[in-house]
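Chemist: attaching a predicted model along with its sequence, questions to come.
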Amino acid sequence: MKQRRMWSFTMLVAGFTVYLLFNEPGTAQAMHIMEGFLPVGWAMFWWAAFLPFFILGIMRLKKMTKDNPELKLLLGLSGAFTFVLSALKMPSVTGSSSHPTGTGLGAIMLGPLPMGVIGSIVLLFQALLLAHGGITTLGANAFSMAVAGPFAGYAAYKLIMRMTQREKLAVFSAAAIADLMTYVVTSVQLAVAFPAADGGVLASFMKFGSIFAITQIPLAISEGLLTVLLWNWLKSYSPHELSLLKRQTKGAQS
C-alpha cells in the first residue's frame, strides 16, 4: 500500500512534468545561464570544476542502488521534484532567471554527491527539451544548482539537527539555503565572467546578487515550506526507505 501511494505521487509529479514539456515556451532568455552566454574559457572552467563531483556521484549512486535496489523509486522522486520545481521560472536578469531548485530534498535524503548526478541530468533534459540553459553552460549551471546548492543545504541540515534536533526546521533550512546558495554561486559565475567597468568583479557580483535577491528570497522560503510538507509525507508513507537512506549516508561518512 505504501509503495502504491508513493508510486501514485511520483506519477503525479511526472504528469506535471509532461505538462511543462508541452506547455512551457522555450526562450533564448530562459532558465539558468543560457546557451552561449558565458565566454568559452569560463564555460570550460566550470565544466572542469563540475566533472569530479559528477564522477564521485555516479560511484556513490551505483553503490547505493546495488546494496538496496528498492531505493531507485526515491531517486526517481528526487529527480522529478527537482525537475518540476526548477522548471518554474521568473525572469530576473539578462541571461538567467530566478526559480526554485528542488535540490534540498534530495541532498537530505541521498547526500550531496548523488544530487550532482541527478541535478545535472535534470539540467540536461531542460536544456534539450525546454530550451532552458544550454550545453556549453551546463557545467556552470550544474556546479551552482547540483553541487554548491546541495552541499550547502546538506551542511545546514546536519548543523541544525546537531544543534537543535528540530527536524522540520532543519529540512526547511536545507531547502531554502540550497536554493539561495545556487544563486550566490550563479552571481559569482556571472560576475567573474562579466566584471563591471567601474568596480570590477565585486561591483558586478553586488549587481547580479541584488537583482536575484528580489525574487529568490521569497522563492527560497516557499521552497522550504513545500519541502517540509513533502518530507512529512515521505515519513508517513515511506519510513522504511528513509531509514535505509539514513544508514547509507552514515555508512558513506564512516
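Modeler: Sure thing, it's come through.

Chemist: shaky segments in the stretch 1-150 of the chain?
Modeler: Residue ranges of the stretch 1-150 of the chain with pLDDT under 70: 1-31, 89-97.

Chemist: go with 50
Modeler: Applying pLDDT under 50 to the stretch 1-150 of the chain flags the ranges 1-3, 6-31, 94.

Chemist: do a quick rundown of the helices in it.
Modeler: 2-23, 40-67, 72-86, 103-110, 112-129, 138-142, 149-164 (DSSP state H, counting those that start in this stretch).

Chemist: can you redo those as TSV with mean neighbour count?
Modeler: C-beta coordinates here come from the backbone N, C-alpha and C atoms, glycine included. Formatted as TSV, the helices of the stretch 1-150 of the chain follow (neighbours: other C-beta atoms under 10 Å):
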stretch	mean neighbour count
helix 2-23	13
helix 40-67	16
helix 72-86	21
helix 103-110	30
helix 112-129	24
helix 138-142	27
helix 149-164	20
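
Chemist: with distance to Met181 added, can I get the ones you listed in JSON lines?
Modeler: Formatted as JSON lines, the helices of the stretch 1-150 of the chain follow (distance: least, C-beta to C-beta, whole Å):
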{"stretch": "helix 2-23", "distance to Met181": "24"}
{"stretch": "helix 40-67", "distance to Met181": "14"}
{"stretch": "helix 72-86", "distance to Met181": "14"}
{"stretch": "helix 103-110", "distance to Met181": "10"}
{"stretch": "helix 112-129", "distance to Met181": "11"}
{"stretch": "helix 138-142", "distance to Met181": "14"}
{"stretch": "helix 149-164", "distance to Met181": "4"}
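
Chemist: out of the ones you listed, flag the one nearest Pro195.
Modeler: helix 40-67 (11.4 Å; C-beta to C-beta).

Chemist: quick check: angle from the closest one to helix 72-86?
Modeler: If you take axes from the mean of the first three to the mean of the last three C-alpha atoms, to 10 degrees, helix 40-67 sits at 150 degrees to helix 72-86.

Chemist: thinking again about what came up before, so for His32, which of the helices of the stretch 1-150 of the chain sits nearest?
Modeler: helix 138-142 (4.2 Å).

Chemist: run through who's touching that closest one.
Modeler: Contacts to helix 138-142, defined as C-beta atoms under 8 Å, 6 or more residues apart in numbering, come from residues 32-33, 38, 42-44, 46-51, 54, 116, 119-120, 123-124, 127, 133, 186, 189.

Chemist: one more pass at 6 Å, please.
Modeler: 32-33, 46-47, 50, 120, 123, 133, 189 (C-beta atoms under 6 Å, 6 or more residues apart in numbering).

Chemist: what is the nearest of those residues to Gln216?
Modeler: Closest approach to Gln216 among these (C-beta to C-beta): His32, at 13.2 Å.
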